[in-house]
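**Q** Fold the following for me, if possible:
(3 chains)
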Amino acid sequence: MNSRISAAEKTALFLHGRYGHEIEKGIPENPFKVLISCVLSQRTREENTAIASKSLFSVASTPEGISKIPLEELQRLIKAAGLAKQKAKNILQICGAILENGDNVPSNREELMKLPGVGPKTADITLCYGFGIPCIPVDVHVNRISRRIGLVDGPVKLEEVGGLLQKIFGRKDWRIVNRGLVLFGREKCLPRNPKCGICELNEFCKFGRQALNKRA
DNA sequence: AAAACGGGGGC
DNA sequence: GCCCCAGTTTT
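**A** Numbers count the residues shown, from 1 in each chain, chains lettered A, B, ... in the order given. Below you'll find the model as predicted:
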């Protein structure tokens, strides 16, 4: 039995138990809303993302509807999310591209990343939450947590971490793994001062054991 | 590889 | 005041 698999099992069980219920409430109901919400969320706290997306979707929530909103009006609607000027421009172009595509959001990574303001994370999140396609979007938090626990080790490039995690986690609910890792990172596995002392994973987490030993 | 975009909230 | 935020694009 590989110890990394064991750590992954424990991690997955914890994520499902602790954060599984979260998946039922906060996810937009269609791929388009997932995509737009994700663009709004870039470099932005969730609370502000929620304010901006609510503000926008209360006016329009389809590619056709949003593409009719003037640029300056759109900027005003989403300003709570920050980077509003660029995001508004991107959203209008994204809506235009979707309309050209028969009113369909692209359902593969390559096509998604051709859209302005859509990089690897936004594309993967759209695939995972919008289309239910198995993939693990990797941001700095997921990367940090995976390395601390020891799920990922050595000179693995950021782009390779997602695929590696998929293998390690096996047939789990990707949405819960994704969401759980992010929430866990925000609550306990913080970048600077992680709360290893009260962390449920500290006994088998490399970083956690080290931190606790240092304290004792 | 590093800077730039960016307003808002916590400390 | 300073730091950070489910990143992406440009230099």
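
**Q** Pick out the residue in chain A sitting closest to DNA strand C.
**A** In chain A, the residue found nearest to DNA strand C is residue A:119; the distance is 2.4 Å by Cβ to the nearest atom of the strand. C-betas here are computed from N, CA, C, even on glycine.

**Q** Thought residue A:113 was touching that residue, still the case?
**A** Yes. Judged on Cβ atoms under 8 Å, residue A:119 makes contact with residue A:113 at a distance of 6.7 Å.

**Q** between the two, which one's more packed in?
**A** Taking neighbours as other Cβ atoms under 10 Å, residue A:119 and residue A:113 compare with residue A:113 leading, 14 against 11.

**Q** Report how many residues lie close to residue A:88.
**A** Neighbouring residues of residue A:88 were enumerated by other Cβ under 10 Å; the total is 26.

**Q** quick one: contacts for it?
**A** A:71, A:74, A:75, A:78 (Cβ atoms under 8 Å, 6 or more residues apart in numbering).

**Q** and stretch A:139-154, average pLDDT?
**A** Predicted confidence along stretch A:139-154 averages 86 (mean pLDDT).

**Q** How about stretch A:176-191?
**A** When pLDDT is averaged over stretch A:176-191, the result is 84.

**Q** Run through the helices of chain A in chain order.
**A** Secondary structure of chain A by DSSP state H: the helices cover A:3-19, A:22-25, A:31-41, A:46-57, A:63-67, A:71-77, A:84-100, A:109-112, A:120-125, A:131, A:140-149, A:158-169, A:174-187, A:206-215.

**Q** Next, the buried residues of the fourth one.
**A** Right, helix A:46-57. The neighbour-count criterion (16 or more other Cβ atoms under 10 Å) identifies A:48, A:49, A:50, A:51, A:52, A:53, A:55, A:56, A:57 as the buried residues of helix A:46-57.

**Q** Over to stretch A:74-85?
**A** Across stretch A:74-85, burial judged by 16+ other Cβ under 10 Å covers A:74, A:75, A:77, A:78, A:79, A:80, A:81, A:82, A:83, A:84.

**Q** can I get those residues in JSON lines with pLDDT and distance to DNA strand C?
**A** Formatted as JSON lines, those follow (pLDDT from 0 to 100; distance: Cβ to the nearest atom of the strand, whole Å):
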{"residue": "A:74", "pLDDT": "92", "distance to DNA strand C": "18"}
{"residue": "A:75", "pLDDT": "91", "distance to DNA strand C": "16"}
{"residue": "A:77", "pLDDT": "91", "distance to DNA strand C": "19"}
{"residue": "A:78", "pLDDT": "92", "distance to DNA strand C": "14"}
{"residue": "A:79", "pLDDT": "90", "distance to DNA strand C": "13"}
{"residue": "A:80", "pLDDT": "90", "distance to DNA strand C": "11"}
{"residue": "A:81", "pLDDT": "92", "distance to DNA strand C": "9"}
{"residue": "A:82", "pLDDT": "90", "distance to DNA strand C": "6"}
{"residue": "A:83", "pLDDT": "93", "distance to DNA strand C": "6"}
{"residue": "A:84", "pLDDT": "92", "distance to DNA strand C": "12"}
